[in-house]
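Enquirer: I need the structure of the sequence given here:
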Amino acid sequence: MPYVILVAVVLAINVLPAFAPPTWSVLVYARLRWHVDPVALVGLGAVAAASGRWLLAHGARHVRDHFSARYRANLGELAARLTARRAGVAALAALFVVSPLPSAQLFCAAGFVELPIAPLSGAFLLGRLVTYSIYVTTAVLVENQLGDSLTRVWSSPWWIAGQVLLVAALAALPLIPWGPRARRRGPGA
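Expert: Predicted coordinates for the structure are as follows:
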């Protein structure tokens, strides 16, 4: 039963665009509270997290339809820029594997600009298998010292401010001119 609850919780928090606890902290809590198998914990957690982010990106894609035609065209220009070169696509996938940024905003942006979500979700899954393994292993090693730390992080004004700033940056994405005129203008133009 703990595994079913775990998958449901991880999936739910990864569908949220902001203000959800980091998935690794939920996995660490599950390991410390229920003493579940760490391999199953990491595997199920990574799959549930990637599935939640996939759903989030598709949800953002549907919200995109409510933007004006001008904003949608502008986001199309951004997508064209990001996927124009093979190196750009590889860098984008790498960003989803190891990004220090909260992934919710990255997946919302991917949905807004209509990037291919499945490969990004796959890259995210691979990256999370590694990072969740590190977090769960570390939690087992320092089991008695994590409880108060997690509460302090989630209630920190810095964490809350960071979430607000990232949501604001995401909201500003369609306002940035990504079209051909923006390309002609250089830094001093």
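Enquirer: residue ranges with poor pLDDT in this protein?
Expert: 1, 99-101, 143-151, 153-154, 181-189 (pLDDT under 70).
Enquirer: Just checking, which helix or strand succeeds the longest helix out of those in the chain along the chain?
Expert: If you go by DSSP state H, the chain has its longest helix at helix 38-64. Counting by DSSP states H and E, the next helix or strand C-terminal to helix 38-64 is helix 69-83.
Enquirer: Report the buried residues of the helix or strand following that following helix.
Expert: Beyond helix 69-83 on the C-terminal side, the first helix or strand identified by DSSP H and E is helix 86-98. If you call a residue buried by 16 or more other Cβ atoms under 10 Å, then helix 86-98 has these buried ones: 89, 92-93, 95-97. C-betas here are computed from N, CA, C, even on glycine.
Enquirer: who touches helix 86-98?
Expert: With contact meaning Cβ atoms under 8 Å, 6 or more residues apart in numbering, helix 86-98 is reached by 81-83, 103, 106, 115, 119-121, 123-124, 126-127.
Enquirer: Recalculate using a threshold of 6 Å.
Expert: 82-83, 120, 123-124, 127 (Cβ atoms under 6 Å, 6 or more residues apart in numbering).
Enquirer: what does stretch 27-47 give?
Expert: By Cβ under 6 Å, 6+ apart, stretch 27-47 touches 2, 6-7, 10, 125, 128-129, 132-133, 135-136, 139, 143.
Enquirer: Which members of these are classed as buried?
Expert: Among the contacts of stretch 27-47, those buried by neighbour count (16+ other Cβ under 10 Å) are 6-7, 10, 125, 128-129, 132-133, 135-136, 139.
Enquirer: And the furthest pair within those residues?
Expert: Farthest pair in those (Cβ to Cβ) is Leu125 and Ala139. Separation: 20.5 Å.
Enquirer: Closest one to Gly59 out of the contacts of helix 86-98, please.
Expert: Leu120 (14.6 Å).
Enquirer: what's the helix or strand for Phe124?
Expert: Using DSSP H and E, Phe124 falls in helix 117-141.
Enquirer: Does anything pack onto that helix? Which helices or strands?
Expert: Judged by 3 or more Cβ pairs under 6 Å, 6 or more residues apart in numbering; DSSP states H and E, helix 117-141 is in contact with helix 23-34, helix 38-64, helix 86-98.
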